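*Asks:* need the 3D shape of this:
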Amino acid sequence: MTGPSNEDPSKQDAVETYEDILEHKELTQSDPPNAIDRLIRWITEVVCWGAVILVAVIILQVTLRYGFSAGLIVLEELQWHLYAVGVMFGLSYAQITDSHIRVDLLSMNLSETARRWIEILGILLLLMPFLFIVIQSSIDFVGNAWRVDERSDAPLGLCCRWGIKAVIPVAFTLLALAAFSRLIHDIDRLAGTRITLVAAPAAVIATAGYYVWLLYPHFPEIISRVSTQMLGLGA
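*Replies:* Residues are numbered from 1 along each chain as shown. As a prediction, this is how the structure comes out:
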């Protein structure tokens, strides 16, 4: 027989801690962010079935290339596109499930309040501006591909290159929703109460104010670009 354990019973082992993270015990039960989480989870779970198609395409391409010496460029490009779609939509899934990479060595030594303040400021001041820039730039990126009917450089490659490029603004918009949901979770948890009619608008107003401050010097250029595009569509 072994004697009583000298380990501190208040400490969880690594597996229990990891399971707690996966179960999101730290998240609130507020309806608005949870509805966003459910929507994102449903979309990404549907998209993840593309991995099955990706595996089938890889097997088919390998069979044709090494079995019949007849590999197809279109299958090779389809692999790249399917992989890109999985990665892009996986970003928002990682955000809502909190499965993205963190510097745990630092965060584990901080208090819960400090961690949430860091996350709130990081979302508002770093992540959201980055997402805004990517989404804004990618819309022109997709529009140019649509106007010229861009296709693969390879003669037998895929057409409609705008389709895969359109994944960028869609996936990053979904990531922005996931970040907003996480922001509300953090504000709600930091306040120690359920989300109210004040917390969510406050977060939106704070984010919008930061964007206005960030983009104010570029307003003339943005207005000029939008006017030019509207006139082009009207013509």
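*Asks:* A178 and P33, how far apart?
*Replies:* 10 Å (CB to CB, to the nearest Å). C-beta coordinates here come from the backbone N, C-alpha and C atoms, glycine included.
*Asks:* likewise V85?
*Replies:* For V85, the distance to P33 - CB to CB - is 25 Å.
*Asks:* who's more crowded, those two?
*Replies:* Higher neighbour count among V85 and P33: P33, with 25 against 20, using other CB atoms under 10 Å.
*Asks:* hmm, R189 and that one touching each other?
*Replies:* No: counting by CB atoms under 8 Å, P33 does not reach R189; the two are 10.6 Å apart.
*Asks:* let me see the contact set for D140.
*Replies:* If you count contacts by CB atoms under 8 Å, 6 or more residues apart in numbering, D140 has none.
*Asks:* CA atoms only for the host helix or strand of it, dumped as PDB, please.
*Replies:* Per DSSP states H and E: D140 is located in helix 128-147. These are the backbone C-alpha positions of helix 128-147, laid out as PDB (Å, rounded to 0.1, in the frame of the first residue of the first chain):
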ATOM      1  CA  MET A 128      -9.900  44.600 -35.100                       C
ATOM      2  CA  PRO A 129      -7.800  47.200 -37.000                       C
ATOM      3  CA  PHE A 130      -5.900  44.300 -38.700                       C
ATOM      4  CA  LEU A 131      -9.200  42.600 -39.700                       C
ATOM      5  CA  PHE A 132     -10.600  46.000 -41.000                       C
ATOM      6  CA  ILE A 133      -7.500  46.500 -43.200                       C
ATOM      7  CA  VAL A 134      -7.600  43.000 -44.600                       C
ATOM      8  CA  ILE A 135     -11.300  43.000 -45.300                       C
ATOM      9  CA  GLN A 136     -11.200  46.500 -46.900                       C
ATOM     10  CA  SER A 137      -8.200  45.500 -49.100                       C
ATOM     11  CA  SER A 138      -9.500  42.100 -50.000                       C
ATOM     12  CA  ILE A 139     -12.800  43.500 -51.400                       C
ATOM     13  CA  ASP A 140     -10.800  45.400 -54.100                       C
ATOM     14  CA  PHE A 141      -8.700  42.200 -54.600                       C
ATOM     15  CA  VAL A 142     -11.900  40.200 -55.300                       C
ATOM     16  CA  GLY A 143     -13.400  42.900 -57.400                       C
ATOM     17  CA  ASN A 144     -10.400  43.200 -59.700                       C
ATOM     18  CA  ALA A 145     -10.400  39.400 -60.200                       C
ATOM     19  CA  TRP A 146     -14.100  39.500 -61.000                       C
ATOM     20  CA  ARG A 147     -13.800  42.300 -63.500                       C
END
